[in-house]
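Student: okay, predicted coordinates and the sequence, questions at the end:
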Amino acid sequence: MELSRSTATPIAALVLFWSLASCFGANVTYDHRSLIVDGQRKLFISAAIHYPRSVPGMWPGLVQTAKEGGANTIESYVFWNGHEPSQGEYYFGDRYDLVKFVKIIQNAGMYMILRIGPFVAAEWSFGGVPVWLHYVPGTVFRTDNAPFKYHMQKFVTLIVNLMKKENLFASQGGPIILAQVENEYGYNEPYYGEGAKPYVMWAANMAVSQNTGVPWVMCQQPDAPEYIIDTCNAFYCDQYVPNSPKKPKIWTENWPGWFKTFGGRDPHRPPEDIAFSVARFFQKGGCVQNYYMYHGGTNFGRTNGGPFITTSYDYEAPIDEYGLPRFPKWGHLKELHKSIMLCEQALLNSQPTTLSLGPNAEADVYTSSGFCAAFLANIDDKEDKTVQFRNMSYDLPAWSVSILPDCKNVVFNSAKVRSQSSVVDMVPESLIASASSLDKDLKALQWEIFIEKPGIWGKEDFSLNGFVDHLNTTKYTTDYLWYTTSINVVENEDFLKGGSQPFLLVESNGHGLHAFVNQKLQGSGYGNGSKFGIQNAGPHYEWMPAGLTNVKIKGLNKGLLDISGYKWTYKIGLEGEQLGAPFGMKSVNWVLTTEPPKNQPLTWYKAIVDPPTGNEPVGLDMIHMGKGLAWLNGEPIGIYWPRLVSFENPCVKGCDYRGSFKPDKCVTGCGEPSQRWYHVPRSWFKPSGNVLVILEEVGGDPTKVTFSKRKMSTVCSSIAEDYPSIDLESWKPDIDDDSSQDKAPRAHLKCPDSTQISAVNFASFGNPAGSCGSYSMGDCHDPSSKSMVEKACLNRNECTIELTEGDFSKDPCPGSTKKLAVEAVCL
């Protein structure tokens, strides 16, 4: 039974299937060509969804959207520091309910790749390793070190046994077909000297000894032993060759976007390039391909890694942070996946014949007992080509692959995006006070505030001459550490008589610093570069220092004053944290007001609010705030910081998909906030009485904080006459049929459920220019275009328009290839 093709199967049938499977289990083996499940070769298209970067209420929808997008497998890391926040104390609830997540995948009829690690990197705090482990005496991470290996094996065994107990490995009838130990160690192995190779071998042997009944992989590990599959992580893996001819070609991380940093530009990877990379991988013998990420999600709370990773981990993935399909990326890849799976039998049961089609153009042809599939590739990054294949002519745009599941008909070309695109808006909605929180004589939203005392609150923790390491002192229980000292200023200082003001010169390994003099904020500074913020990867990353290293005062009469060696008094954390302010606790001395202070540093704000109307995903708009953290009903929304993106490095207005992609190739956002909205899952809201708490570090205006609802407001399509026209939903390859199964290309529009196309803003058949939200007519235009589209689409949830002569009144520009561009409003 092929799980990837069970989309129409009723839920009851899925449950029955898995209950039967649990009786018999599935044997997962492999050879040089593929994974083999119960004797059957399969292709696996996998979608990475990290369970703690969303919430349980989102999991079924995310998994189903991935399945509808053509994935048959879900992949996730396991996050050690989320499951063992304190040594020996384990947590598997709420966002960390791993068993529930895996069972949702199982019930959807999908497979799973479980990347246990337990070091994961992943732009996740401390790379997923618990901070407490750094303070176990004698511990050095990720090398031949006894304490580290002891705790690593203990956790891996815990996870494996948990999965076994619930019968979740394929060998037990569960969905897990692959497991991973360690993660991208090959990048850093040279830095660990003589301890590296023994550690790799120990990790491999430890993993295999768990007896999971499924293969284990190590990614980016060229010296993985014979019994571990080494895999590829990169933007392109078509040329990857495993370290043994007995191993299959597996791509554990294809990056369809990139992560973002506070103050950093927005990276974008074009869907045409992603599709090109995937098609090339399967063209060249790949069998398992995983998108990292397919849904990026959110770094809730303080789970962000360093340096400066944003709270949003959207990754410009096919499913956006809020759980909505990202068009056209999701739709284009869906068509790619269907096209690849039409080739599955030919790909897996034959060896390819590679044919040259001219300079930088080639075909790989797979033929096997009645099946024939061909991939035609143009790897030139500038020139389109027309090639001859089997006595037929094919147009290949630059940097593209055409897929022919019957060696004749093109069902997909990576550079020709047939999927609709869309405009998604964040629609603001003011914070509405819950009725239970309103004073009978007041209608305005009431705020409760608590202002922190800068410096030492309560009793000091300790004092000493000089500076301490921030992380070693706080053990990452808090982001905040107070350094306090005193200096005497004599009366004859020039600045007291109207002269130039002195200023601080600070050197630090910390993420940021706020400087107060006599209780007043004087300024803030933030680091730049990879050594700032709690690390998540790199050789010996756990030893990266944090905190102040040097403080001087410049501008005093006696010249530069170095106060680094003075006596400093230390206080860990904020008073509000200790009193339970994130949870809105009454132990905090809250002050009620309808006019909360603005631009007030180190201030806690609390309001009791109703949820936004409707059921759309929700973000918290923090554009008018400075920097801090936010919570709803005690749940950690995360770090907010609408830091503006500088113009120091240029942004682009358009992006050419052709040519190798790098994270800085297609970047936007200069002059804009690096993150304005912060995801608040709908499941965190109560019907009323929701406690919103904000900790503002530097000053902002809480009265301008709003919720925003994420809505797809506009859908678009841009289809040319030379685009593939075969309907992938119904077409079947038939290599014995000499007739072409082509029809006219079709533009397809679909609004979100419960909405309809209420207006057509733009429609032009001819040579329109621009993109969704900014189309313009060219010098070739059929004047009946808009009326034709309105007739087909108005007041419907979805519609299809064929590019045929019958649908348009005349040929507006004979002899040229026409295109139809449409923009419609969804209400």
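Tutor: Arrived safely, thanks for sending. Residues are numbered from 1 along each chain as shown.
Student: show the average pLDDT along stretch 52-65.
Tutor: Mean pLDDT, computed over stretch 52-65, is 98.
Student: for it, measure first residue to last.
Tutor: 18 Å (CA to CA, to the nearest Å).
Student: ok, residues contacting it?
Tutor: 49, 51, 74, 79, 82, 94-97, 100-101, 104-105, 108, 110, 295-300, 303, 313, 319, 323, 325, 330, 681-684 (CB atoms under 8 Å, 6 or more residues apart in numbering). The C-beta positions use only the backbone N, C-alpha and C, and glycine is treated the same way.
Student: now, those that are in helices?
Tutor: Counting by DSSP state H, the contacts of stretch 52-65 place 82, 100-101, 104-105, 330 in helices.
Student: ok, of those, which one's closest to residue 199?
Tutor: residue 82 (23.8 Å; CB to CB).
Student: so how far is residue 505 from residue 551?
Tutor: Using CB to CB, to the nearest Å, we find residue 551 at a distance of 7 Å from residue 505.
Student: these two: which is more packed in?
Tutor: Remark: of residue 551 and residue 505, residue 551 carries more neighbours, 22 against 13, as counted by other CB atoms under 10 Å.
Student: the more buried one is in what secondary structure piece?
Tutor: Taking DSSP states H and E as the definition, one finds residue 551 inside strand 548-556.
Student: sketch out the low-pLDDT regions of the stretch 551-700 of the chain for me.
Tutor: Counting by pLDDT under 70, the stretch 551-700 of the chain contains no low-confidence residues.
Student: contacting residues for residue 280?
Tutor: Counting by CB under 8 Å, 6+ apart, residue 280 has contacts 236, 238, 375, 377, 379, 401.
Student: need phi/psi at it.
Tutor: Phi and psi for residue 280, reported as degrees, to the nearest 10, are phi -60, psi -40.
Student: grab the nearest non-local neighbour of residue 713.
Tutor: Distances taken as CB to CB, 6 or more residues apart in numbering put residue 425 closest to residue 713, at 4.7 Å, once the chain neighbours are dropped.
Student: what residues of the one helix or strand that neighbour maps to count as buried?
Tutor: In this structure, residue 425 is located in strand 421-430 according to DSSP H and E. Residues of strand 421-430 classed as buried: 421-423, 426, 429 (neighbour count, 16 or more other CB atoms under 10 Å).
Student: likewise for stretch 575-586?
Tutor: Of the residues in stretch 575-586, 575-577, 579, 581-584 count as buried by neighbour count, 16+ other CB under 10 Å.
Student: out of those residues, the closest to residue 456 would be?
Tutor: Nearest to residue 456, judged by CB to CB, of the buried residues of stretch 575-586 is residue 575 at 10.1 Å.
Student: OK, contacts around the spatially closest residue to the closest one that is not a sequence neighbour?
Tutor: Nearest residue to residue 575, sequence neighbours excluded (CB to CB, 6+ apart): residue 457, at 4.3 Å. Neighbour list for residue 457: 571, 574-575 [criterion: CB under 8 Å, 6+ apart].
Student: tell me if I'm right that residue 176 and residue 115 touch.
Tutor: No. Applying CB atoms under 8 Å as the test, residue 176 and residue 115 come out as separate, 10.7 Å apart.
Student: re earlier: need the contacts of residue 280 in TSV (columns: neighbour count, distance to residue 469 and secondary structure).
Tutor: Listed next are the contacts of residue 280 as TSV, based on neighbours: other CB atoms under 10 Å; distance: CB to CB, whole Å; DSSP: H, G, I helix; E, B strand; the rest coil:
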residue	neighbour count	distance to residue 469	secondary structure
236	18	40	coil
238	22	45	coil
375	24	54	strand
377	24	53	strand
379	16	50	coil
401	28	51	strand
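Student: now, the most widely separated pair of the residues you listed?
Tutor: Maximum pairwise distance in the contacts of residue 280, criterion CB to CB, is 14.9 Å, between 236 and 375.
Student: and residue 576, that one's in a strand?
Tutor: No. Assessed with DSSP: H, G, I helix; E, B strand; the rest coil, residue 576 is helix; it does not lie in a strand.
Student: can you name the residues bridging to the nearest residue to it once chain neighbours are set aside?
Tutor: The shortest distance from residue 576 to any non-neighbouring residue, by CB to CB, 6+ apart, is to residue 604 (4.9 Å). Residue 604 has these beta-bridge partners by DSSP bridges: residue 450, residue 695.
Student: same thing with residue 505?
Tutor: Following DSSP bridges, residue 505 is listed with bridge partners residue 552.
Student: have a look at this structure and report its longest strand.
Tutor: Ranked by number of residues, the top strand in the chain under DSSP state E is strand 706-720.
Student: which neighbouring elements make contact with the host helix or strand of residue 376?
Tutor: For residue 376, the enclosing helix or strand under DSSP H and E is strand 371-378. Where contact means 3 or more CB pairs under 8 Å, 6 or more residues apart in numbering; DSSP states H and E, strand 371-378 is packed against helix 271-283, helix 344-348, strand 361-368, strand 385-389, strand 392-396, strand 400-404.
Student: quick one: it to strand 361-368, angle?
Tutor: Using axes from the mean of the first three to the mean of the last three CA atoms, to 10 degrees, the inter-axis angle of strand 371-378 relative to strand 361-368 is 170 degrees.
Student: sketch out the low-pLDDT regions of the chain for me.
Tutor: Counting by pLDDT under 70, the chain shows low-confidence ranges at 1-24, 436-443, 528-533, 735-742, 805, 809.
Student: go again with 50.
Tutor: 1-24, 529-532 (pLDDT under 50).
Student: and the helices in it, which stretches?
Tutor: 11-24, 59-68, 80-83, 98-107, 146-165, 196-208, 271-283, 329-342, 344-348, 470-474, 575-579, 785-793.
Student: counting contacts, what elements does the third one pack onto?
Tutor: For helix 80-83, the helices and strands in contact under the criterion 3+ CB pairs under 8 Å, 6+ apart are helix 146-165.
Student: now the helix it packs on: buried residues?
Tutor: Buried residues in helix 146-165, counting neighbours by 16+ other CB under 10 Å, are found at 148-149, 151-153, 155-156, 158-160, 162-164.
Student: closest one of those to residue 527?
Tutor: Checking the buried residues of helix 146-165 against residue 527 with CB to CB, the nearest one is residue 148 at 28.2 Å.
Student: correct me, but residue 504 touches residue 555?
Tutor: No. Contact between residue 504 and residue 555 fails when scored by CB under 8 Å: they sit 9.6 Å apart.
Student: OK, contacts around the closest residue to residue 467 other than its chain neighbours?
Tutor: Of all residues not flanking residue 467 in the chain, residue 548 sits nearest, at 4.7 Å (CB to CB, 6+ apart). Counting by CB under 8 Å, 6+ apart, residue 548 touches 467, 470, 483, 506-508, 510, 513, 564.
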